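> Build the 3D model from these lines:
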Amino acid sequence: MINKPKNRKIIYIISFFMPFFIMLISCILSKVFPFGNKTLLIIDANGQYIDYLAYFKTIFTDNNNFFYTFSKNLGGDMVGLSAYYLLSPLNFIVLFFSNEYLPVSFFIIILLKIGLCGLTFNYFLNKVHNLNLKSLIFSTSYALMGYNAMYFWDIMWIDCVVLLPLIVLGIHKIFSDKNPFLYIFTLFFALITNYYIGFMICIFSVIYFLYKLFLNSGFDIKAIYSYTFSSLASGGLAAFILIPTILSLDGGKSEFSSEQLKFRKNFSFLDIFTKFFSNSISDNQIIEGLPNIFCGVFILFLIILYFFNSKIELKEKFVSFGVISFLFVNFHVNTLNLIWHGFNFPIWYPYRYSFVFCFFIIYLAYKNFINFEGITKKNIISSFFIFLGFIILIFRRDYEFISTKSIYLDLFFMIAIFAIFYLYKISKKNLYILLAALLQLSNLFINMIYHILTLQNFNYEQENTMDYHLESIRKIKPVINKMKEQDKNFYRLEKTFRRDVNDSMQFNYNGISHFSSSEKVFVKLFLKKLGLVNFANLWGCYNHECPVSTDSLLGVKYIISDLEDFDKNYKELFNQDDIKIYQNNYALNLGFCASDKVLTENFNNLDIFEFQNNIWKSMTNYKFDKIFTAAQLLETNLENLEVIELLSSDKYKKINDNQKASITFKIKITEPDSNLYFYSDKIKNQKVNIYVNNKNLDEYYTSYKQGTVLIGKYKKNEIVNVKININKSFIQVKNFLFYFENLENLGNHYAELSKNPVNLEKMSSSHLKGNVNLEEDNKCLLFTIPFEEDWKVFVDNKKVDSFIVFNSLLAVKLQKGKHNVEIKYIPNGLYLGIIISSTCLITLIFIKYRKKD
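Got it, this is the predicted structure:
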């Protein structure tokens, strides 16, 4: 037993560095940079988290903030995104790294969080029980448990895993010394670092409090009052984050439906026992697998022995079994599992709360271990045969995610640990515990490295390399910087290629492409109506084959392209290392004066080309001709296809699945020198190849290549054949549209709208100022910014009402004359949240000092 403060500090240091170095060695062997060419930018870490961290840097180095950004879609709130991804204090590490080496900072953050998991769990054990050296086995098991092995790269979740032991320690303190402050402030930190996982911890804190209440044999009204008050105080302290965040989530991709709450089983109940074994991972497990509850064979053996231990009261065993069973049922039953996930079914990465189960059983295993004298040799033998029963259960079924080798490996570990415990029961030599510890650490290490390698292979191999990241940054960053030097005004910029969908955050420019779980669906639907990409309401992306009118309306002034042919009549500004920069001379300002007709018009039921026709005509008070004209379709030919009419679309199904199938359209060119575009409304991720006069354009209707297709520019009366090759057994479509875009007519609309531009200056990403000189009445000021009530618009220092136009954009009415305009994004609920948080903090300070007195 160790009680000296100096020795305790040593134990704490070891508890941090033991999992830290095991994780480090796992990464070295997995060839993670700088020890190889791989990175830990796994799945969404490559497409989201690393870009959000790049944006986080600009909050401190540029004039961006946590409230709003123009680096996603047409602009969007950052409150929900920041509260989910960016509020970990360890994120400040990225400030010391350039964008080229952000994967290294990401690696360091992961190592630190894994180490901190070990430290906080060890600290918890120290405070609840007397600390001894053997506790390191358990704290390391917590840090390297299956949840962390599977989700270590989801760095925004791991802060709460770090805090959980301290939160539970806070519950213990509520019972032991009636001091609620540790619980209050650690739960507060969990809620602000990640409200989502923090919510799950709130549920578990109720479960654990009831667990302690039952164990303490009595209705402790003071503890109940203290716990209830403390939980509310934690939520109150976090109100300045939680209230704006909750309000900002309205309209995001995940909308609750009562259908989701229908009772059903998530898996066969016996299947969950496979996840107690190491290396139980596969591609399918990442997407829709079972709960990640691996803690090592050593822990599994001890948790079985726990229920045989005569030193542990029967009541405690019953209550502990009740908690384990309850958590199992929550995994098993869809309705309960959905509640844990905030009533939104998770897209990939299931059972995101399984770490609370791991925490609980590791703690029970430790309680059993420090009371090992209550275990007999007969108990050890019985536990071994129970474990063999698990093995037999697994062998009876064929699980794709766990190999026979892994089962044999765990069986070896179990036989060895069984023998060690049996010998330890005879001689009590600490050497046996050391051997058991080495076996457990080996088990954890093998599981971790296997998970890292599997997760790395899940990514496109090229995209998971440091070379790919460096090449992408060095290819794009200099061009972006050069554009910013040449044009310091506010404009949007896009690319014909992508490193990933959140490049605008990575490179700090005002872009359109974006993917996050918090982005508004109505914005993505609007982008789709303009011919851009909206993939299943998950992400909205720029489509370089969109009409010029789309670029013009949205103020896309510059296009960065690596294409040999970019046929949009844009002016080439310069060429840098085969990257060309084009300028769109028709790009409107972020704000401009339009006819007030836009305040009353609704064009939602029109196809995308007529939608744009009516947008432009209404903005210019119907003074000019329409921009898009339907092409003359001479004939349509089907090859190996039959048409099945459905309620709102048609299904084109192959007659013979083994033969090629296609649809060919013959079009007569009636608009010379005008680009011809194709669009089909209902083709969803069905991958077709489009040929024009037998030349393959590309594969379309994939995750990132949707929207309008630029067929090209042709001479009058020329015949163009557009052929769509069906790559799957069928496609389902609403219509096939072919339209010409008349740039002369677009120019007329543009000239009218450019007469009274709003010259805006970016004070910050949530604050714009400018001026406008309006020469006519019956006008409004239209911003190509998504409408949100959080935007406060001031004209000549007076707040004015704002309106939503085209079901998407922000507008205000304006009188003739010169005006100063200012718009500020103030998150709804921010002031209320600050008042509640401040009141809670003052109340807690008062209570604290009154107790001292």
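> only C-alpha atoms for contact and neighbour calcs from this point on.
OK.
> Number of residues surrounding N91?
Residues near N91, counting by other C-alpha atoms under 10 Å, number 18.
> and it, what does it touch?
Residues in contact with N91 (C-alpha atoms under 8 Å, 6 or more residues apart in numbering) are 53, 109.
> what separates it from L781, distance-wise?
Going from N91 to L781 by C-alpha to C-alpha, to the nearest Å gives 39 Å.
> what about the residue nearest to Y85 when sequence neighbours are not counted, how many neighbours?
Spatial nearest neighbour of Y85, chain neighbours left out: M156 (5.3 Å); criterion: C-alpha to C-alpha, 6 or more residues apart in numbering. Per other C-alpha under 10 Å, the neighbour tally for M156 reads 22.
> Tell me the buried residues in the helix or strand harbouring M156?
M156 belongs to helix 155-176 when assigned by DSSP states H and E. By 16 or more other C-alpha atoms under 10 Å, the buried positions in helix 155-176 come out as 155-175.
> residues contacting the residue lying closest to G75 once chain neighbours are set aside?
Counting by C-alpha to C-alpha, 6+ apart, T69 is the residue found nearest to G75 once chain neighbours are left out, at 5.6 Å. Applying C-alpha under 8 Å, 6+ apart to T69 gives the contacts 75-78, 765-766.
> can you tell me which of those residues are in strands?
Using DSSP state E, the subset of those located in strands is 76-77.
> Counting neighbours, which of the contacts of T69 comes out on top?
D77 (27 neighbours).
> ok, what's across the strand from that one?
Beta-bridge pairing for D77 (DSSP bridges): Y68.
> ditto for V812
L781.
> Could you check how far it is from Y739?
Counting by C-alpha to C-alpha, the gap from V812 to Y739 is 32 Å.
> same question, F96
For F96 relative to Y739 (C-alpha to C-alpha), the value is 51 Å.
> same check, this time on V501
Taking C-alpha to C-alpha, one finds V501 at 28 Å from Y739.
> more crowded one of these two?
V501 (24 against 21).
> pretty sure the more buried one contacts S513?
Yes - V501 lies in contact with S513 (C-alpha atoms under 8 Å); the separation is 5.7 Å.
> what do those two both touch?
C541.
> Which strand or helix spans N689?
strand 688-692.
> same for that strand, what does it pack against?
With contacts taken as 3 or more C-alpha pairs under 8 Å, 6 or more residues apart in numbering; DSSP states H and E, strand 688-692 sits against strand 695-700, strand 719-726.
> Out of those strands, which one sits most buried?
strand 719-726 (a mean of 20; mean count of other C-alpha atoms under 10 Å).
> For that one, output the C-alpha coordinates as PDB.
Written as PDB, here are the backbone C-alpha positions of strand 719-726 (Å, rounded to 0.1, in the frame of the first residue of the first chain):
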ATOM      1  CA  ILE A 719     -27.300  17.500 -83.600                       C
ATOM      2  CA  VAL A 720     -26.000  16.400 -80.300                       C
ATOM      3  CA  ASN A 721     -26.400  12.800 -78.900                       C
ATOM      4  CA  VAL A 722     -26.400  12.500 -75.100                       C
ATOM      5  CA  LYS A 723     -26.100   8.900 -74.000                       C
ATOM      6  CA  ILE A 724     -26.600   7.800 -70.300                       C
ATOM      7  CA  ASN A 725     -25.100   4.400 -69.600                       C
ATOM      8  CA  ILE A 726     -26.900   2.600 -66.700                       C
END
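> Test my guess that F152 contacts L111.
No - between F152 and L111 there is no contact under C-alpha under 8 Å: 9.1 Å.
> where are the low-confidence patches of the stretch 601-750 of the chain?
Along the stretch 601-750 of the chain, segments meeting pLDDT under 70 span 682-685.
> Please enumerate the strands of it.
628-630, 632-639, 641-645, 650-654, 662-668, 675-680, 688-692, 695-700, 709-713, 719-726, 730-733, 736-741 (DSSP state E, counting those that start in this stretch).
> Out of the ones you listed, which one sits most buried?
strand 675-680 (a mean of 22).
> Report the distance from that strand to the chain centre.
Relative to the chain's own centre, strand 675-680 is displaced by 33 Å; criterion: C-alpha atoms, centre = their mean, to the nearest Å.
> dump the residue contacts of I669.
631-632, 714-720.
> any idea how far V720 is from it?
On the measure of C-alpha to C-alpha, I669 and V720 end up 7 Å apart.
> Please tell me how far F738 sits from K529.
15 Å.
> Please apply the same query to L90.
In terms of C-alpha to C-alpha, L90 sits 40 Å off from K529.
> When these two are compared, which one has more neighbours?
Counted by other C-alpha under 10 Å, L90 and K529 do not tie: K529 has more neighbours, with 23 against 17.
> Look at the more buried one and report its pLDDT.
Looking at K529, its pLDDT is 92.
> Could you verify my assumption that it touches E610?
No - look at K529 against E610 with C-alpha under 8 Å: they stay out of range, at 9.9 Å.
> what's the overlap in contacts for these two?
By C-alpha under 8 Å, 6+ apart, no residue touches both K529 and E610.
> The nearest residue to T274 once chain neighbours are set aside and F276: what is the separation?
Using C-alpha to C-alpha, 6+ apart and skipping residues adjacent in sequence, the residue nearest T274 is I394, 6.5 Å away. Applying C-alpha to C-alpha, the value for I394 to F276 is 11 Å.
> what are the ranges of the strands in the stretch 451-600 of the chain?
Going by DSSP E, counting those that start in this stretch, the stretch 451-600 of the chain shows strands at 492-495, 514-515, 533-535, 539-541, 556-561, 571-576, 579-583, 591-595.
> For the ones you listed, could you give me JSON lines that also reports distance to K127, mean pLDDT and mean neighbour count?
Below are those laid out as JSON lines (distance: least, C-alpha to C-alpha, whole Å; pLDDT from 0 to 100; neighbours: other C-alpha atoms under 10 Å):
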{"stretch": "strand 492-495", "distance to K127": "55", "mean pLDDT": "94", "mean neighbour count": "24"}
{"stretch": "strand 514-515", "distance to K127": "43", "mean pLDDT": "90", "mean neighbour count": "22"}
{"stretch": "strand 533-535", "distance to K127": "50", "mean pLDDT": "82", "mean neighbour count": "25"}
{"stretch": "strand 539-541", "distance to K127": "46", "mean pLDDT": "84", "mean neighbour count": "27"}
{"stretch": "strand 556-561", "distance to K127": "58", "mean pLDDT": "94", "mean neighbour count": "22"}
{"stretch": "strand 571-576", "distance to K127": "61", "mean pLDDT": "89", "mean neighbour count": "13"}
{"stretch": "strand 579-583", "distance to K127": "60", "mean pLDDT": "92", "mean neighbour count": "19"}
{"stretch": "strand 591-595", "distance to K127": "60", "mean pLDDT": "92", "mean neighbour count": "25"}
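> Using TSV, lay out those together with distance to D698.
Output for the strands of the stretch 451-600 of the chain, formatted as TSV (distance: least, C-alpha to C-alpha, whole Å):
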stretch	distance to D698
strand 492-495	17
strand 514-515	23
strand 533-535	16
strand 539-541	17
strand 556-561	16
strand 571-576	24
strand 579-583	20
strand 591-595	35
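> D650: which of the ones you listed is closest?
strand 533-535 (20.2 Å; C-alpha to C-alpha).
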